[in-house]
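Novice: Predicted model and sequence follow; I will ask about them next.
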Amino acid sequence: MGKRKITIKQSVADCIAEVAWFIESKGMVASAEQFSDSVYDFFEQMADDRRRFRLCRDPENAAMGYKCVVYKRKYTIVIIESVSEIIICKFIPSKNIRW
């Protein structure tokens, strides 16, 4: 079992930080830290080179060749997948995807 390189764009890290900040602003500091840790752990699990991901269902991202992964039924992770690398391009709340 090999691992692919994971590259996370700055906009993705900012989006995760915004969600964690929102959770923290509700008084749940430990939950905010746990959320961000679990997201980054999920990114590490995606590095397994035996996994392949499907094209996005929404036409805009599919036309660009992006692949999508659903995280906890609430978020969609938009990626570019190659044999040796996964580039995480977007981290979007699933309710914000319109098509």
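Specialist: Yep, it's here. If you're wondering where the values come from, they're calculated on a predicted model, not measured in any experiment.
Novice: ok, L55 to A32 distance?
Specialist: Computed as Cβ to Cβ, to the nearest Å, the L55 to A32 distance reads 32 Å. Using the backbone N, CA and C atoms, a C-beta is placed for each residue, glycine as well.
Novice: Looking at those two, which is more packed in?
Specialist: Legend: neighbour count by other Cβ atoms under 10 Å for L55 and A32, higher for A32 (19 against 14).
Novice: State the three-state secondary structure for that one.
Specialist: The three-state label given to A32 by DSSP: H, G, I helix; E, B strand; the rest coil is helix.
Novice: Distance check, I79 against S11.
Specialist: 13 Å.
Novice: residues shared between the contacts of the two?
Specialist: Counting by Cβ atoms under 8 Å, 6 or more residues apart in numbering, the residues touching both I79 and S11 are C89.
Novice: Which one's more surrounded, those two?
Specialist: It is I79, of I79 and S11, that has more neighbours when counted by other Cβ under 10 Å, with 23 against 12.
Novice: what's the burial count for Y66?
Specialist: Residues lying near Y66 (other Cβ under 10 Å) number 19.
Novice: need the contact list for it.
Specialist: If you count contacts by Cβ under 8 Å, 6+ apart, Y66 has them with 55-56, 78-80, 89-90.
Novice: which SS class is the residue nearest to K67 when sequence neighbours are not counted?
Specialist: Using Cβ to Cβ, 6 or more residues apart in numbering and skipping residues adjacent in sequence, the residue nearest K67 is F53, 4.1 Å away. Secondary structure assignment for F53 (three-state DSSP): coil.
Novice: And F53, how far from S31?
Specialist: According to Cβ to Cβ, F53 and S31 sit 28 Å apart.
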